[in-house]
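# got a sequence here, can you build the structure:
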Amino acid sequence: MTNKIKVLVIDDSAMVRKVITDTLHQDPDIEVVGTANDPLIAIEKIPKLQPDVITLDMEMPRMDGLTYLRKLKAEKSTIPVVVVSALTQQGSQMALDAMDAGACDILAKPDGSYSIGAQAGRLAFHVKAAARSRRQPQLAPVKTGLADSSLRSGARASGSTDLRLILIGASTGGVEALRFLLPSLPAALPPIAIVQHIPAHFSKAVADRINKLCDYEVREAADNEPLQPGVCLFAPGDFHLTIVKRLGGYATRLLQSPPVHYCRPSVDVLFRSGAEAAGTHTLGVLLTGMGSDGAVGMQAIKRAGGRTLAEHEDSCVVYGMPRAAAMLGVVDQVVPLGQMPGAIINTLADVPR
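A predicted model of the protein is given here:
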């Protein structure tokens with residue numbers, strides 16, 4: 001890149017500011033143009049530095065990160081913000097509030113659990129995603145109004161068991177997309193398994209909040225549990241979610257094998273395992289996100305005889321993952337987010353039971 005992505009780092013810890021700065025400087029496409037130990041100092045620096053992206057801690061003494069995000073939102077700031085914070089379970093609730101207030105993405109604060117090289121890649125990935133992101137209007141969930149019979153009209157396989165499986169992958173912008181999509185779907189659905197690129201702890205908070213909006217159960221997946229109709233399972237942060245065949249249906253397996261595309265959980269891992277387990281009964285859905293995770297997995301679904309949907313560029317916060325799948329030629333239908341609930345239900349009618 002000729003023009004580097006300019007980053008302003010806001011954190012009250014001098015050590016964390018240095019770690020973030022040093023790790024981002026390992027990427028030739030990124031330049032940390034300044035740091036600030038709280039938002040009040042950042043406010044003074046922004047007009048001169050003109051950053052493309054801000055990284056923001058949540059807990060600071062003079063002005064906390066959530067207050068600052070709400071201030072930026074009120075001022076209609078166009079600078080994308082990546083929250084880099086300590087994501088304990090309590091902190092995850094704060095991180096969800098941060099996304100409500102306009103944060104583009106959430107990342108766990110660098111610590112001793114990652115090598116500096118791995119952390120550099122993860123930080124750079126999120127910063128680049130933020131730099132390419134586009135704010136989209138928030139959509140309110142709308143029930144499809146389709147009768148349950150339309151969900152059950154798929155061609156029957158031998159026996160009466162419904163073997164259909166819905167797999168969804170998302171990254172940057174995905175939390176907001178899922179908060180529209182999942183409550184818009186009816187309860188009478190086959191099992192749903194989701195990978196949203198998300199840090200540890202934060203996945204449970206996201207699933208719990210979306211669960212309150214839905215007519216069916218949404219929660220974080222556990223290891224070796226059956227997938228059930230009318231239940232949606234989120235991959236836990238820092239674990240790959242895989243699907244295995246079980247007599248009469250499917251079960252989960254959680255793995256901590258190496259990250260794929262800097263991500264654990266990975267959409268490719270979920271999609272490939274689902275294609276192997278469910279074959280022609282699989283419906284894969286790829287939503288907004290940076291990079292190419294999910295494209296090869298969607299190819300596996302197509303090769304297994306499953307069906308595929310991808311979000312249209314116009315509604316994506318980052319048109320990366322759906323674009324990679326479309327370029328592979330493995331997408332049956334490209335659909336704007338607002339039309340995705342209906343597309344899922346209509347496509348399910350063509351998926352064999």
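# ok, Lys6 - how many residues close by?
Counted with other Cβ atoms under 10 Å, residues neighbouring Lys6 total 16. From N, CA and C alone the C-beta is placed, and that goes for glycine too.
# gap between it and Leu123?
Separation of Lys6 from Leu123 (Cβ to Cβ, to the nearest Å): 15 Å.
# also Thr161?
In this structure, Thr161 and Leu123 are 45 Å apart, going by Cβ to Cβ.
# ok, these two, which is more surrounded?
Applying other Cβ under 10 Å to Thr161 and Leu123 shows that Leu123 carries more neighbours, namely 25 against 12.
# pLDDT wise, what is the more buried one at?
With respect to pLDDT, Leu123 has a value of 87.
# output the below-cut-off pLDDT ranges for the protein.
1-2, 87-91, 110-120, 144-160 (pLDDT under 70).
# helices of that one, start to end?
For the chain, the helices defined by DSSP state H occupy 14-24, 39-49, 65-74, 89-100, 116-132, 148-151, 174-184, 202-211, 267-278, 295-303, 321-328, 340-348.
# who touches the fourth one?
Contacts of helix 89-100 with the rest of the structure, by Cβ atoms under 8 Å, 6 or more residues apart in numbering, involve 58, 65-66, 69, 83, 85, 87, 103, 106, 175-176, 201-202, 204-206, 209.
# which of the residues in it are buried?
91-92, 94-100 (16 or more other Cβ atoms under 10 Å).
# also the longest one?
Judged by neighbour count (16+ other Cβ under 10 Å), helix 116-132 contains these buried residues: 119-132.
# then the second one?
By neighbour count with 16+ other Cβ under 10 Å, helix 39-49 contains the buried residues 39, 42, 45-46, 49.
# hmm, who's touching that helix?
The list of residues contacting helix 39-49 from outside it, by Cβ under 8 Å, 6+ apart, reads 6, 8, 10, 33-34, 36, 54, 56, 60, 62-63, 65, 67-68, 71, 79.
# restricted to strands, list those.
The strands in this structure, assigned by DSSP state E, contain 6, 8, 10, 33-34, 36, 54, 56 from these.
# from these, pick the one nearest His240.
Top of the list for closeness to His240, among the ones in strands among the contacts of helix 39-49 and by Cβ to Cβ, is Leu56 at 28.4 Å.
# and the closest one, how far from Gln93?
When distances are taken as Cβ to Cβ, Leu56 and Gln93 turn out to be 17 Å apart.
# burial measure for the residue lying closest to Leu337 once chain neighbours are set aside, as a count.
If the residues on either side of it in the chain are set aside, Leu337 comes closest to Ser315, at 4.0 Å by Cβ to Cβ, 6 or more residues apart in numbering. Applying the criterion other Cβ under 10 Å, we find 23 residues in the vicinity of Ser315.
# these two touch, right, Ser315 and Thr288?
Yes. Ser315 sits in contact with Thr288 when judged by Cβ atoms under 8 Å, with a separation of 7.5 Å.
# joint contacts of those two?
Residues touching both Ser315 and Thr288 by Cβ under 8 Å, 6+ apart: Leu337.
# and Leu189, what does it touch?
Leu189 sits next to 151, 166, 216, 229-230, 348 when contact means Cβ under 8 Å, 6+ apart.
# equivalent analysis for Tyr262, please.
The contact partners of Tyr262, by Cβ under 8 Å, 6+ apart, come to 118, 121-122, 125, 291.
# quick one, phi/psi of it?
Dihedral angles of Tyr262 (phi, psi; degrees, to the nearest 10) stand at phi 70, psi 10.
# how many other residues sit next to Val142?
Going by other Cβ under 10 Å, the residues that sit close to Val142 add up to 12.
# equivalent analysis for Leu66, please.
Neighbour count of Leu66, defined by other Cβ under 10 Å: 19.
# wait, it touches Glu59, no?
No. Here Leu66 lies out of contact with Glu59, judged by Cβ under 8 Å, at a distance of 9.3 Å.
# how far away is Val175 from Ala95?
Val175 sits 10 Å away from Ala95, going by Cβ to Cβ.
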